[in-house]
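Participant: kindly generate the corresponding structure for this input.
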Amino acid sequence: MASGLLKGAVLLLVSVLSWLCVYMKGRYTVDVRSLPQHPRSHQPPYPGGTADNLLWFLQVSDIHISRFYDPQRVTDFKQFCTENVEVFKPPMVLVTGDLTDAKTIDRGGSMQYEVEWRTYYGVLKETNVMERTLWMDIRGNHDAFDIPALHSNRNFFRQYSSMGQTGKISYHHAHKTPFGTYSFVALDACLNPGPRRPFNFFGYLNESSLASLQSLADETVHSNMTIWMGHHPTATILSPNPGIKHVIRNGIAYLCGHLHDLGGLFPVMYSMQDGGTLELELSDWMNNRRYRLLAADHDMLSFVDVKLGEWPVVLVTNPKHAMFATPSHEPLGRIRHSTHIRVLAFSPDPIEKVIVWLDGVRFCEASHVEGPLYTCPWNPADYGTGLHTIAVDVSDSKGRTRRQEHPFSVDGSRTNISFVQTVILQTDWLVLMKVVFLLVFTAGVLSLPVLRYSSPALPPGGSSLDSAGGAGCGAYPRQFVHKWLSRLSLLTKVDHLYYPLFGFGVYIPFGPWFYGELIQGHYGVLFMHGTYIAGGYVPGLWSHAYAALQIALFHVPLTIYLAMLLDNHLWHLSHKNDQASNNHAKPRYKLYRQLIGLLRLHGFGAFFLIWQLYSSYWVLVAYGTMSFLICPLRTWSLLLAAWLIYKVRTLPKERVAHLIR
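Facilitator: This is a model prediction of the structure:
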């Protein structure tokens, strides 16, 4: 039986992985050539040697101004608002959320600190940045921690932000120029009401919010270009059909933050949605001091991510980066008809040289046209097929140099965006977490009745840790699997252990997890499916992952530990005579064996019980004493574990006689 189960599991795993590889390749690869072409793709104006049809702007995200940590964060932010905005002179700066940190000093709790908001708004006022550019800020999930309602006096965004004072959280700004209108649409998907962390990571849009955003999208239909901005990547936003991606499909790009750089693993994260909309996550200001320069040149979008203090800043706008070409949203045919290479170069000091290289060969020294624009003539037909490379070296009067390099094409050839980055930004993480929970729940909980009612009575004790001098993992995988099936089967056949263990596992997806002050001054109850708080309901977003972790890191280890204890207890009950004869062993050798046996038996149990105690402590830190005390998921589960361990160690022989032979 064990051999059949093992072979079946391996075959199933191989089949699932094979299917997953095929599915993911099709799911995450956009066939750009199949997308409809932009209606003005081959119509003038074409990129030339004059400073027309050109617009640039900035984005910054995840500032996280904190009253407790890193005061340099504020100093550098002030530098950005002063020096960088002065050098770039953008008509607008897009600030995509998490303006403040809103974490307690131990980082476990969360609340809104007015001093953080005063600091943020004070920088805007002190630097006069709102008079020099349109400062388009929106909320992030940290800005919505511990807020019972949008009209609450703790929603400091309304008072201490540029756009919050307008009374709108999602809004549309139409930037009008002599060469057309460019729409910027801000999307706020923060939870309302906003619980304290950690159950405030994902975004949520109800039907009313989605309809409002669709109305904003309808206002942009006659714009040259539409840029969407929000804090949460679309993969972390729960929304009803047709979904947020459908609403923003008219935009050439969706600019967001929130994921920072995933702990340093991904300094940049870009992807393309099915309809050709770019999704561009920007690394954080908090630790990395990153910001983004974007430009719409003849209605083609280009961008570069920059670290504060890096000068000069260089952005090639024609020919644009082939990886980010979106034929349905921008007139890429204009590259073929262009007459000049176009480069934007910015520095606090005068630019001295702009050297252009094509396919590794020095092509020209670009001439200054106006402002940051440098151009040099070229013939696109010379590079008419396939991918090519453009590199630009820029130096300023202080001797600082910067090189910007990227692939380009004239015929529509392109390079693919990183598959891993695409998976991160385009996977429906909410659905994935539900699937993971279902798999973990099936393996860790529903397997118990299967073992109880389908497995035959198996001999106990023979696989005990203490039998035969302490058998290890078995010589072969089949023996190892058989041993653990034996142990788990024995466990499920003891009613006093099986019913509480299985009942608690079933409780996790259906019962309340804890009750307490989830928002300051407002008590609520948390279930896996959602939270009832402040007269409202917030769907369960992060909770499925939380439940999967609870089962994987506590319920399953507890089951394994109880099976080990039971096996050991049954062995001792059936080998009392052997134990008596072993008492004649040398005291030192006997003590050594006992210590090793205790460590092997109880070390694992101590580890996961300490982890559960630590998790319970963070419930106390995040939500207070009441949540800690009325917390079946964490605190009470420790009491259950202690009781079950006690029951195993004190099982009388007559109650388990049928299991001993």
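Participant: show me where pLDDT drops low in the chain?
Facilitator: Applying pLDDT under 70 to the chain flags residues 1-29, 455-478, 574-601, 654-661.
Participant: check contacts around S409.
Facilitator: Counting by CB atoms under 8 Å, 6 or more residues apart in numbering, S409 touches 319, 322, 325, 383, 386-388. Glycine gets a C-beta too; all of them are placed from N, C-alpha and C.
Participant: so among those residues, which ones count as buried?
Facilitator: Among the contacts of S409, those classed as buried by 16 or more other CB atoms under 10 Å are 319, 322, 325, 383, 387-388.
Participant: dump the residues you listed to JSON lines, plus secondary structure and distance to F202.
Facilitator: As requested, these are exported to JSON lines (DSSP: H, G, I helix; E, B strand; the rest coil; distance: CB to CB, whole Å):
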{"residue": "P319", "secondary structure": "coil", "distance to F202": "38"}
{"residue": "A322", "secondary structure": "helix", "distance to F202": "33"}
{"residue": "A325", "secondary structure": "coil", "distance to F202": "31"}
{"residue": "Y383", "secondary structure": "helix", "distance to F202": "44"}
{"residue": "L387", "secondary structure": "strand", "distance to F202": "38"}
{"residue": "H388", "secondary structure": "strand", "distance to F202": "41"}
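Participant: just give me the closest of those to M528.
Facilitator: Distance ranking of the buried ones among the contacts of S409 against M528, using CB to CB, places A325 first at 42.8 Å.
Participant: for that closest one, which residues are in contact?
Facilitator: A325 makes contacts with 32, 332, 409, 412, 414, as judged by CB under 8 Å, 6+ apart.
Participant: which of those residues are buried?
Facilitator: Buried among the contacts of A325 by 16+ other CB under 10 Å: 32, 332, 409, 414.
Participant: of all these, which comes closest to F201?
Facilitator: Nearest to F201 among these, with distances taken as CB to CB, is V32, at 31.9 Å.
Participant: next, give phi and psi for that closest one.
Facilitator: Backbone torsions of V32, given as degrees, to the nearest 10, read phi -60, psi -30.
Participant: you'd agree it is up against P327?
Facilitator: Yes - using CB atoms under 8 Å, V32 is in contact with P327, at 6.1 Å.
Participant: for the nearest residue to I630 once chain neighbours are set aside, give me its contacts.
Facilitator: Of all residues not flanking I630 in the chain, Y515 sits nearest, at 4.5 Å (CB to CB, 6 or more residues apart in numbering). Contact analysis of Y515 by CB under 8 Å, 6+ apart lists 523-526, 626-627, 630.
Participant: filter the residues you listed down to just the ones in helices.
Facilitator: The helices, defined by DSSP state H, take in 626-627 from these.
Participant: and the contacts of Y515, which are buried?
Facilitator: Neighbour counting over the contacts of Y515 (16+ other CB under 10 Å) leaves 524-526, 627 as the buried ones.
Participant: quick check, H602 in a helix?
Facilitator: Yes - with DSSP: H, G, I helix; E, B strand; the rest coil as the criterion, H602 is located in a helix.
Participant: from V556, how far out is it?
Facilitator: Distance, H602 to V556, using CB to CB, to the nearest Å: 17 Å.
Participant: hang on, the earlier thing: farthest pair within the buried ones among the contacts of S409?
Facilitator: Maximum distance among those (CB to CB): 14.5 Å, for A325 and Y383.
Participant: can you flag which of the contacts of A325 belong to strands?
Facilitator: S409 (DSSP state E).
Participant: and of the contacts of A325, the nearest to E86?
Facilitator: Minimum distance to E86 across these is 33.2 Å, recorded for L332 (CB to CB).
Participant: need phi/psi at A295.
Facilitator: On the backbone of A295 - angles per degrees, to the nearest 10 - the values are phi -140, psi 140.
Participant: who are the contact partners of it?
Facilitator: 54-57, 301-303, 315, 317, 344.
Participant: which SS class is the closest residue to it other than its chain neighbours?
Facilitator: Counting by CB to CB, 6+ apart, A295 lies nearest to W56, which is 4.1 Å off, once chain neighbours are set aside. Using three-state DSSP, the structure places W56 in strand.
Participant: so W56 makes contact with M92?
Facilitator: No - contact status for W56 versus M92: not in contact, 9.8 Å apart, counting by CB under 8 Å.
Participant: of those two, who's got more company?
Facilitator: W56 (23 against 19; other CB atoms under 10 Å).
Participant: centroid residue for the chain?
Facilitator: L259 (4.9 Å; CA atoms, centre = their mean).
Participant: mind checking how far it is from S283?
Facilitator: Taking CB to CB as the measure, L259 and S283 are separated by 9 Å.
Participant: CA atoms only: put stretch 127-138 into CSV for me.
Facilitator: Provided in CSV are the C-alpha atoms of stretch 127-138 (Å, rounded to 0.1, in the frame of the first residue of the first chain):
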residue,chain,number,x,y,z
THR,A,127,9.7,73.0,-0.4
ASN,A,128,6.8,74.7,-2.2
VAL,A,129,6.7,71.6,-4.4
MET,A,130,2.9,71.9,-4.8
GLU,A,131,3.3,75.3,-6.3
ARG,A,132,6.0,74.1,-8.8
THR,A,133,4.2,70.9,-10.0
LEU,A,134,1.0,69.0,-9.7
TRP,A,135,1.6,66.7,-6.8
MET,A,136,-0.7,63.7,-7.4
ASP,A,137,-0.6,61.5,-4.3
ILE,A,138,-2.8,58.6,-3.3
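Participant: now that stretch: how far from the chain's centre is it?
Facilitator: Centre-to-centre, stretch 127-138 and its host chain are 28 Å apart (CA atoms, centre = their mean, to the nearest Å).
Participant: got the contact list for it?
Facilitator: With CB under 8 Å, 6+ apart as the test, stretch 127-138 has contacts from 78, 81-82, 85-86, 89-97, 99, 123-124, 161-164, 169-170, 173, 175, 184, 186-188, 229-231.
Participant: show me which positions of that stretch end up buried.
Facilitator: 127, 129, 132-138.
Participant: repeat for stretch 383-397
Facilitator: Judged by neighbour count using 16+ other CB under 10 Å, the buried positions of stretch 383-397 are 383, 387-388, 390-396.
Participant: out of those, the closest to V435 would be?
Facilitator: The nearest member of the buried residues of stretch 383-397 to V435, counting by CB to CB, is L387 at 37.6 Å.
Participant: next up, the contacts around the closest one.
Facilitator: L387 neighbours (CB under 8 Å, 6+ apart): 322, 407-409, 413-415.
Participant: can you tell me how far F201 is from D98?
Facilitator: 12 Å.
Participant: go on, R403?
Facilitator: In this view, R403 and D98 are 32 Å apart by CB to CB.
Participant: look at these two and report which has more neighbours.
Facilitator: Remark: of R403 and D98, D98 carries more neighbours, 26 against 11, as counted by other CB under 10 Å.
Participant: now that one. Nearest residue, chain neighbours left out?
Facilitator: The shortest distance from D98 to any non-neighbouring residue, by CB to CB, 6+ apart, is to G140 (3.3 Å).
Participant: so the one you found makes contact with H231?
Facilitator: Yes - using CB under 8 Å, G140 is in contact with H231, at 4.0 Å.
Participant: now the common contact residues for those two.
Facilitator: 61, 96-98, 190, 257-258.
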